[in-house]
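S.K.: Structure for the following, please:
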Amino acid sequence: MAKYSEEFKMKLVVEYLDGNIGYGSLAKKYNMGSRTSIIEWVNIFKSQGVEGLKRRKSKKEYSVQFKLDTIQFILDTGASYLETAVQFKLNNPSLIKRWMKTFREQGVEGLELKSKGWPSMSKKSNNKMKKEEKKVTREAELERENERLRLENAYLKKLKAFRENPSAFHEKHKQKWHSNSKKRDSD
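M.R.: I've put the predicted structure just below:
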C-alpha cells in the first residue's frame with residue numbers, strides 16, 4: 001500500500017503551486033520526514049498532470065530497450081533520477097535508480113524481464129519440464145545468448161555514436177521527445 005493517498009498528494013501540490021508556502025514548510029506542516037516527496041509530486045504533476053500522481057492499478061513492464069534509454073539519458077546528460085522520470089513520463093524516480101543499480105551490477109542481462117513467483121510443485125510438470133529442458137537447453141541457451149549479444153551490440157553502437165558526436169545525439173532526442181509531446185497535446 002502506498003504511504004500517501006492521491007488526494008493528499010494533490011492537496012500538497014496545489015498548496016505549493018498557490019505560491020504561499022515552500023517545500024520545507026509544507027513538509028513540516030504535514031509532519032513529513034523530508035521535502036523530497038513533495039518536490040517529486042510537484043514535478044510529476046507539472047509534466048503529467050493528475051494522472052502522474054495516481055497509483056498504478058497494475059505493475060507496468062518496461063522493455064529492456066526502454067530501460068537502456070533511460071539509463072543512457074542519465075549517463076549522457078547527467079540528469080537526476082527525478083528529471084529523467086519527468087522526461088520519460090514515469091511517476092517513480094526510484095524505479096530508474098533500481099534499473100541503474102542492476103545495470104551496473106549485472107549489465108544488460110540484469111534488465112531483462114524475469115518471471116515472478118514460486119515454481120509449480122507438481123511432480124508431473126516438473127518431470128516433463130526436466131525432459132524438455134534437456135532437449136531444448138542448448139538451443140534455448142544459444143538463443144538467449146544471441147539476444148543478449150544483440151542488445152549489448154545495439155547499446156554499444158548508441159554509446160559509440162554519442163561519444164563521437166554528443167550534440168547530434170541530443171538534437172535527435174530533443175526532436176523525438178518534442179514531437180512525442182506534440183502528439184500527446186493533440187490527442
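S.K.: The residue nearest to Gln72 when sequence neighbours are not counted: helix or strand, and which one exactly?
M.R.: Distance criterion C-beta to C-beta, 6 or more residues apart in numbering; nearest residue to Gln72, sequence neighbours excluded, is Lys158 at 6.4 Å. Just so you know, the C-beta spots here come from the backbone N, C-alpha and C atoms, and that holds for glycine as well. Using DSSP states H and E, Lys158 sits within helix 123-164.
S.K.: Verify the contact between Pro93 and Ala85 for me.
M.R.: Yes - counting by C-beta atoms under 8 Å, Pro93 does reach Ala85; the two are 4.2 Å apart.
S.K.: Find the residues that touch each one of these two.
M.R.: Glu40 (C-beta atoms under 8 Å, 6 or more residues apart in numbering).
S.K.: Looking at these two, which has the bigger crowd around it?
M.R.: Ala85 (25 against 19; other C-beta atoms under 10 Å).
S.K.: how far away is the more buried one from Trp41?
M.R.: Here Ala85 is placed at a distance of 12 Å from Trp41 (C-beta to C-beta, to the nearest Å).
S.K.: And Asn146, by the same measure?
M.R.: Distance of Asn146 to Trp41, computed by C-beta to C-beta: 43 Å.
S.K.: And this protein, what are its domain boundaries?
M.R.: 1-55, 60-114+136-180 (automatic domain parsing).
S.K.: Turn those into a markdown table, including mean pLDDT.
M.R.: Below are the domains of the chain laid out as a markdown table (pLDDT from 0 to 100):
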| stretch | mean pLDDT |
| --- | --- |
| domain 1-55 | 79 |
| domain 60-114+136-180 | 81 |
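S.K.: Now do the SS call for Lys60.
M.R.: For Lys60, the assignment made with DSSP: H, G, I helix; E, B strand; the rest coil gives coil.
S.K.: ok, how many other residues are close to the nearest residue to Tyr23 once chain neighbours are set aside?
M.R.: Using C-beta to C-beta, 6+ apart and skipping residues adjacent in sequence, the residue nearest Tyr23 is Arg35, 3.9 Å away. Using other C-beta under 10 Å, Arg35 has 16 neighbouring residues.
S.K.: No further queries at this time; thank you.
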